[in-house]
Structures are given as structure tokens and as C-alpha cells.
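K.L.:
return a 3D structure for these sequence lines:
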Amino acid sequence: QLQLVESGGGLVQPGGSLRLSCAASGFTLELKYYAVAWFRQAPGKEREGVSCISRIGGTSNYADSVKGRFTISRDNAQNTVYLQMNSLKPEDTAVYYCAAKRALYGCHWDNLDAWGQGTLVTVSS
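P.N.:
Got it, this is the predicted structure:
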């Protein structure tokens, strides 16, 4: 079974940058067979989709709130998906989760097969 582990969260000042990583583990399973999405959940708020990327990276989508600031990418040789977050704002503070769906094509937000445990991003001065 695919397992996902996020890393890279932390405390950053407004306007700063962080890069989150979502690494796959689990014997015989490789992330290259999966579309991957990043979600976030702020305290007292519902979980929201942030960005997603297709299996080989040809398709990506972003929430309006992060367009132009966040970039999703993947390195299938390293079994890792990244979320580069620039120009961070206090409203970006949340626990960020990655999730994956086994899929040949496209970018997927639902019916996901695996979730990570989350990494906390705090944007504050």
C-alpha cells in the first residue's frame, strides 16, 4: 500500500518561501503511477484543495488563492512531489497534506487512494 510522507513545513515570515515535499514509500509501489494533490486545512476551517499534478506532470491545477505564488512539480525518479510556496501570507497558515490517486491521466481531487500525515505551515511575523 502506498504511503506518503510530507516534510518541509515550518514557521516563515509573510512574504517568505517554503518548499514542501511529499515522498512515497511502500514496497513495489512508485509514485509515478499516481496523480498527486496538495490540500490544506486551517484551524476552524474545512480542508481545501491547493494544487494537483498528473502522473507524469503534464497537467497541473491550482486554487485561485495560490495561483501565481505556488508551483507544484514532481520528480518521479525520486518518488517525490513538491509544492514551492512563495510570497506566503498569514492566510496560508494551515496543515498541508498530500494525497495520491492511481490514475493514467489527469489531475484528481477526490476518491484518493492514500494520504500523508500532514506538515504544519505557519506564516507569521
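
K.L.:
quick check, Lys32 in a helix?
P.N.:
Yes: counting by DSSP: H, G, I helix; E, B strand; the rest coil, Lys32 is located in a helix.

K.L.:
what's near enough to touch it?
P.N.:
55-56, 76, 79 (C-beta atoms under 8 Å, 6 or more residues apart in numbering). The way it works is simple: take the backbone N, C-alpha and C, and place the C-beta from them, glycine included.

K.L.:
quote the end-to-end distance of stretch 53-60.
P.N.:
4 Å (C-alpha to C-alpha, to the nearest Å).

K.L.:
equivalent analysis for stretch 110-125, please.
P.N.:
34 Å.

K.L.:
and if you look at stretch 101-119?
P.N.:
End-to-end distance (C-alpha to C-alpha), stretch 101-119: 20 Å.

K.L.:
tell me the mean pLDDT over it?
P.N.:
Average pLDDT, stretch 101-119: 94.

K.L.:
buried stuff in that stretch?
P.N.:
101, 103, 107-108, 112-116, 118-119 (16 or more other C-beta atoms under 10 Å).

K.L.:
ok, so of those, who is nearest Lys67?
P.N.:
Lys67 lies nearest to Cys107 out of the buried residues of stretch 101-119, by C-beta to C-beta, at 14.3 Å.

K.L.:
that closest one - that's part of a helix, no?
P.N.:
No: counting by three-state DSSP, one finds Cys107 to be coil, located in no helix.

K.L.:
quick check: phi and psi on it?
P.N.:
phi -120, psi 130 (degrees, to the nearest 10).

K.L.:
ok, it - contacts?
P.N.:
35, 37, 52-54, 59-61.

K.L.:
and with 10 Å instead?
P.N.:
Residues near Cys107 by C-beta atoms under 10 Å, 6 or more residues apart in numbering: 35-37, 49, 51-55, 58-61, 72, 101.
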